[in-house]
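Colleague: sequence and predicted model, in that order:
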Amino acid sequence: MRFFDEIWECLNCYDLEQKFAKFNQIWDNFYDCKMDYDSQILPLLTPSYAKFCDVKSLKELKQKHSTQAFLHSIAHIEYSAIDIALDACYRFRNLPMEYYLDWLEVAKDEIRHFNMICQKMKSIGVTYGDYPVHNGLFVALVITSDSLVNRMAVLPRYMEANGLDANLFMIQKLNSNGDKDGILDILKIIHKEEIEHVSKGDKWFKFACNIENIDPNSWIDIIRKFYPKAFEAKRALDIEHRLLAGFTQDEIDKIQKFQEIV
């Protein structure tokens, strides 16, 4: 089994049953795979979900306020996170085996998260693909395709860390207002495991910075190069778990200062 070829097929597979079966095959045979580092690295052109979802830009997507739409939005984030982890494995070569195992572990978690959400959606008559979805995470993959530093900075350390904040906010809101839709336990599982995902992103961001002689303290500058208004939205930060995942107090302070600008 040629690892990168198999990962590419899994990444681009849009049949969910086949995609997850292929992933399980890769997972089960990881240590027997041939690490074909010199195989061609193909560009990302279309997200795999485009085959069954109506894809919009973030600006085009209209927010719908219902339990069904809320769950669908989470399912989309979790599905996107599967492909984010797979592309992290595929696109960056000649790294320690620990790197590839880390992102396979993340993909495995994200598949489980996605399936949990889909089971909940099924109970209220919703299937992934029933609502339009945004391509924001896919765009982030494309614009960071040429740099491990940028990829780790933007996807796990910026976007997924923002997810920690949003998830904690939702958990606190449900704790206060009541969990009438029965999704609190799912959100708690996702939140707990996403901390480890951000931590892995932090580890490989700092690893890549060391290789490329880049100061990891330039992380905020890297993010604002891609997203000039990053950190300016006022939101509660999940400070405890950001710190646990590898953020420094100085980074937290800088983010909060940007929030004060608004």
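Modeller: Cool, the structure landed. Numbers count the residues shown, from 1 in each chain.

Colleague: which strand or helix spans the closest residue to residue 231 other than its chain neighbours?
Modeller: Leaving aside its chain neighbours, residue 231 sits nearest to residue 258 (3.8 Å; criterion: CB to CB, 6 or more residues apart in numbering). Just so you know, the C-beta spots here come from the backbone N, C-alpha and C atoms, and that holds for glycine as well. Secondary structure assigned from DSSP states H and E places residue 258 in helix 249-261.

Colleague: elements contacting that helix?
Modeller: When contacts are defined as 3 or more CB pairs under 8 Å, 6 or more residues apart in numbering; DSSP states H and E, helix 249-261 sits against helix 219-226, helix 239-244.

Colleague: could you give the angle of it to helix 219-226?
Modeller: 40 degrees (axes from the mean of the first three to the mean of the last three CA atoms, to 10 degrees).

Colleague: any buried residues in stretch 222-241, and which?
Modeller: 222-223, 230-231, 237-239, 241 (16 or more other CB atoms under 10 Å).

Colleague: quick check, pLDDT for the most centrally placed residue in the chain.
Modeller: In the chain, the centroid-proximal residue (CA atoms, centre = their mean) is residue 81; its distance is 3.7 Å. Looking at residue 81, its pLDDT stands at 98.

Colleague: helix, strand or coil for residue 39?
Modeller: Under DSSP: H, G, I helix; E, B strand; the rest coil, residue 39 falls in the coil class.

Colleague: output stretch 242-259 as PDB, nothing but the C-alphas.
Modeller: Output of stretch 242-259 as PDB, limited to C-alpha atoms (Å, rounded to 0.1, in the frame of the first residue of the first chain):
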ATOM      1  CA  ARG A 242      -5.800  27.400  24.600                       C
ATOM      2  CA  LEU A 243      -3.000  27.500  27.200                       C
ATOM      3  CA  LEU A 244      -3.300  23.700  27.700                       C
ATOM      4  CA  ALA A 245      -3.000  23.300  23.900                       C
ATOM      5  CA  GLY A 246       0.300  25.300  23.700                       C
ATOM      6  CA  PHE A 247      -0.700  28.900  23.500                       C
ATOM      7  CA  THR A 248       1.300  31.400  25.600                       C
ATOM      8  CA  GLN A 249      -0.200  34.000  27.900                       C
ATOM      9  CA  ASP A 250       1.500  36.600  25.700                       C
ATOM     10  CA  GLU A 251      -0.400  35.300  22.700                       C
ATOM     11  CA  ILE A 252      -3.700  35.400  24.600                       C
ATOM     12  CA  ASP A 253      -2.900  39.000  25.700                       C
ATOM     13  CA  LYS A 254      -2.200  40.100  22.100                       C
ATOM     14  CA  ILE A 255      -5.500  38.500  20.900                       C
ATOM     15  CA  GLN A 256      -7.400  40.300  23.600                       C
ATOM     16  CA  LYS A 257      -5.700  43.600  22.600                       C
ATOM     17  CA  PHE A 258      -6.900  43.200  19.000                       C
ATOM     18  CA  GLN A 259     -10.400  42.600  20.300                       C
END
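
Colleague: what residues does that stretch touch?
Modeller: With contact meaning CB atoms under 8 Å, 6 or more residues apart in numbering, stretch 242-259 is reached by 161, 164, 195-196, 198-199, 202-203, 206, 217, 219-220, 230-235, 237, 239.

Colleague: could you do stretch 54-63 as well?
Modeller: 47, 49, 69, 131-136.

Colleague: and the two most separated of those residues?
Modeller: The span of those, defined through CB to CB, is set by 47 and 69 at 19.5 Å.
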